[in-house]
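**Q** Predicted model follows, preceded by the sequence.
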Amino acid sequence: MKKFYATRATSNLNYSRFLYSPSLVREVSLVAVVAFLSNFSPANAGVSGDTGNGQPNNVKTNEQVQSVGVFAPVSLDEQAMASVPVSAGVMSVDVTAGAEGLQANEMSGGAHSVEIFAPSIEQAAVLEPLHAGMTIRNGRPNSSVTADEQAQSFEVFALIGEQPASDNHSTQFLTRAMPNVLPITEEDYGESHPLSSGYNSQAIGNSAIAMGPWAQTKDIDNIAIGKMAHASGKSAIAIGSEYHKENGDDYTTAKGDYTTAVGAISKALDYGATALGHRAYAYNNRSISIGFYSRAYNYGSIALGSQAEAKVDGGVAIGKGSVASIPGNIAGYDPITGKNTTQTNVIWKSSPDFGAVSVGVITGDAKDWKTRQITGIAAGTLDTDAVNVAQLKALRAFAAQGWKLSVGGANATDVSIGGTVDLAAGSTNLKITKGEKDNNIKFDLAKDITLDRAKVGGNTLDATGLVITSGPKITTAGIDAGNKEIKNIKAGELSANSQQAVTGSQLYATNNNVTQNTNKITEANTKITKNTADITTANSNISSLDKNISTYFGGGANVLQGKGPTYKIQDQQYNDVGSAFEGVNSSFTNVNNKITEVKKNLLVKQEEETKLLSSDEVSKKGTGVITIGKETGGIEISVLNQDKFTRTISGLSGGKLTENSNEAVNGSQMYVLGNKIATYLGGGADFGYGNWSDPAFKIKTIKDDGSEGEESYMNIAAAFEGVGTSFTNIKNELKKEINNVVSDSLVKQDKETEPITIGEGTDGNEISILNQEKNSRTISGLKAGTLADTSTEAVNGAQLYTLGDKVAKTLGGGASYENGTWVTPTFTVKNFNSEGSVSETTYDDVASAFTGVGNSFEKVKDSFKNIKN
């Protein structure tokens, strides 16, 4: 049984030459030192050595307190040591072996006892016994010292073997390791004091130590411990045995300044490299290789674990068989673009010479890859922190909320990720199209627009017609000019079947023609009246004659008295009726001839009548046609009086109103016609008492700028032209309004750059695309949005799927993301228990997996402590 106790020294330990490297290396080095020193013979208080035969001598109990024994070498079979407590030193090695000749001694108060061991192998340096009250000089004890002197002195000069007796270097490293045990004198530490122990060992370099067969150092402060251990380079340390001659340099090697190689055939081959473990190789500057057959090939690389390999600068391979092969300066994947990022900051791109950390193998064929779960990871905070599954779950839950879509800020509805927003027009008046090869949406008006009603200002256009406020109305019931002039009317067709409107000029011409005919008729009536008056006078005379002839025969004759008349006829007197009648007959003949001549010359006649008619009879006669100037020429009938004034023809029956009619029309007909026309025309038109009042058509107009106005028109054509202009302006205004509707629409498209915007010119923080049943819609054809820290673009389902799929593949552990469903990964971590056993634990998130790894590291650390202790 060999035990090594390393008690932490006080601050004076800075003199110890064992403090060449960090604590772990120091402790491992001490283990190796003890392995070589464990065969040294003890020096016990209360036991003195005999330099002649090496057998211990007894000392008295009262001498134990101050005595120090140093034994000479004995054979392996003769070595024997008793386990003696050490209470004053910093180190103690108890070596127990079966031996003879050792007499146990009772000890009390071993406050100052110290055990110092010398090598027991052949040709090792031998320490002579040192007893209380003596020193050893030139290999022999000297007891001529006082008790006070011996407390301050500890000198061993008797050395045999490879070193001369006068060389005390072999003991200095032991005495300086125990400053609290024995005081030391001030020395010059700049001196070169190499130490070599072992067959063909070489300690070259100031303060170098070479221990073991063929151990070799080549530079200052080197330590080479173990068979064929080689240390070269400032402060290099090589600890480990085993050598295979057939492989040439197949031995433990620390080559380069500040290199450390601990383990059988371990190699640290460049500046600051560290290799720990059997055949652990650290090839490059500042590389670290820890573990059985581990390899750190590149600058600053770290391989931690059995057969772990770090193959790139700054790469880190953690765990059995892990390979770090991805170098630094690599751009990360951008889930927005689906490609590696173009950003160059350290968040998106790894730093040069900082290779990736690997806990598995992802080189070669994918089917040969090896992966691990990383558990126990806390939620990351910074942009460069790792995230755990809990954060991804939270992200997934947040992403599943989707976004809200509304119209006009109302009826907002959630649209989930992967959902479809379908845009539909509310009528055929609007057309919505999407590009076949892109996600561009276009909103267009249909070529044929169907509206129940269109309102422009206060004007209304619907199925019944156009109603202009305070103006004309054109409806299915007819046209109401609204007491406005209608101008610019084209002359209508004048025919029996014509339904076209006539113009004022046409009516004016008609009025002129009627006036001329009326004048001619009046003139004819005047002539007829004159002739009728003459005829009436003649008839009256004849009638008077007939009535009075029985009373008197003229000339004062009195038939009753028998008084003959005296007739003077045309200067002829007749005294009897017969003579008078002869004279009268002669006069009648002349008169009749005159009447006949008048009758023959009369222009007014009634057909099929033989007698002359009185004026009453002419006016009352209901049969026969009265003609005027039938038998004479001329194209005009005038009823002017003798003073050339016009006359009125009264009693005129209404003439026929036909296409071929040439009958005169009377005033009532003209009144009816004029009144009807005036009524139809409106606008203040009037035909009262034969006087025509022109209409004034006032029409509410729509100007080309869309504003309202009022115009007066003096004729129908002009009014209709104004209406036409208003229609044109209304059309333009409707077009403008439609354009304004498009312009004022929340959905717009720039004609030049062609992007479509929704609600760009209005407030609100929500867009809803709910349908009228409050159901959500799907937005399809969505182009992949930009994925950047400042991006506000929507992402599509493919992007989210890519993100989820990449995350799942990156996580491994069976994680997957299919059809929006996340399958949780399972990370398996090997756990190293404190008693050395290995078990496996599964985790479903990265943080827990890393926690498991951390726990394993803690247990591994505890195992190292157990080894140290």
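**A** Noted; the coordinates are in hand.

**Q** hey, where'd the helices end up in this protein?
**A** For the chain, helices defined by DSSP state H occupy the ranges 23-37, 61-64, 147-152, 169-175, 389-400, 504-548, 577-601, 615-620, 667-681, 716-744, 797-811, 846-868.

**Q** by how many degrees do the fifth one and helix 797-811 diverge?
**A** Put plainly, it is helix 389-400. Inter-element angle recorded for helix 389-400 and helix 797-811: 170 degrees (by axes from the mean of the first three to the mean of the last three Cα atoms, to 10 degrees).

**Q** In helix 389-400, which residues are buried?
**A** Buried residues in helix 389-400, counted by 16 or more other Cβ atoms under 10 Å: 389-392, 396, 399. Using the backbone N, CA and C atoms, a C-beta is placed for each residue, glycine as well.

**Q** out of those, which one sits closest to Ser839?
**A** Val389 (22.1 Å; Cβ to Cβ).

**Q** measure the closest one to Val846 for me?
**A** 6 Å (Cβ to Cβ, to the nearest Å).

**Q** Pull the residues that contact stretch 373-382.
**A** Stretch 373-382 is contacted by residues 359, 386-388, 390-391, 812-813, 825-829, 841-843, 845-855 when judged by Cβ atoms under 8 Å, 6 or more residues apart in numbering.

**Q** If any of those are buried, give me the PyMOL selection for them.
**A** Command for PyMOL, covering only those of those found buried under the criterion 16+ other Cβ under 10 Å:
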select buried, resi 359+387+388+390+391+812+813+825+827+829+841+843+845+846+847+848+849+850+851+852+853+855
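
**Q** Quick one: mean pLDDT over stretch 202-218.
**A** Mean pLDDT, computed over stretch 202-218, is 95.

**Q** First-to-last residue distance for it?
**A** Taking Cα to Cα, to the nearest Å, stretch 202-218 runs 8 Å from one end to the other.

**Q** got it, and stretch 428-445?
**A** 9 Å.

**Q** what does stretch 214-228 give?
**A** Terminal residues of stretch 214-228 lie 5 Å apart, using Cα to Cα.

**Q** ditto for stretch 812-819
**A** OK, stretch 812-819 end separation, Cα to Cα: 18 Å.

**Q** Show me what counts as buried in that stretch.
**A** Neighbour-count burial for stretch 812-819 flags 812-813, 815, 817 (criterion: 16+ other Cβ under 10 Å).

**Q** what does stretch 317-331 give?
**A** Result for stretch 317-331 [16+ other Cβ under 10 Å]: buried residues 317-320, 322-328.

**Q** Pull the residues that contact that stretch.
**A** Applying Cβ under 8 Å, 6+ apart, the set of residues contacting stretch 317-331 is 291, 301-316, 340-343, 348-363, 370, 372.

**Q** Just the endpoints, please. Distance across it?
**A** Its first and final residues considered, stretch 317-331 spans 20 Å by Cα to Cα.

**Q** now stretch 339-347
**A** So stretch 339-347: terminal residues 16 Å apart, Cα to Cα.

**Q** ChimeraX command to pick out the buried ones of the contacts of stretch 317-331?
**A** A single ChimeraX command selects the buried members of the contacts of stretch 317-331 (16+ other Cβ under 10 Å):
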select :291,301,302,303,304,305,306,307,308,309,310,311,312,313,314,315,316,341,348,349,350,353,354,355,356,357,358,359,360,361,362,363,370,372
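
**Q** Return the residues in contact with Arg396.
**A** Applying Cβ under 8 Å, 6+ apart, we find Arg396 in contact with 804, 822.

**Q** how far away is it from Ser358?
**A** 27 Å.

**Q** ok, now Arg372?
**A** In this view, Arg372 and Ser358 are 9 Å apart by Cβ to Cβ.

**Q** ranges for the strands of the stretch 251-400 of the chain?
**A** 253-255, 260-262, 267-268, 274-276, 281-282, 288-290, 295-296, 302-304, 309-310, 316-318, 323-324, 333-334, 339-340, 357-358 (DSSP state E, counting those that start in this stretch).

**Q** Setting aside sequence neighbours, what's the nearest residue to Ser351?
**A** Of all residues not flanking Ser351 in the chain, Gly328 sits nearest, at 5.5 Å (Cβ to Cβ, 6 or more residues apart in numbering).

**Q** Name the helix or strand of this protein that has the lowest mean pLDDT.
**A** strand 91-95 (a mean of 38; mean pLDDT, DSSP states H and E).

**Q** Could you give the bridge partners of the residue nearest to Arg453 when sequence neighbours are not counted?
**A** Of all residues not flanking Arg453 in the chain, Asp462 sits nearest, at 4.2 Å (Cβ to Cβ, 6+ apart). According to DSSP bridges, the partner residues bridging Asp462 are Arg453, Gly465.
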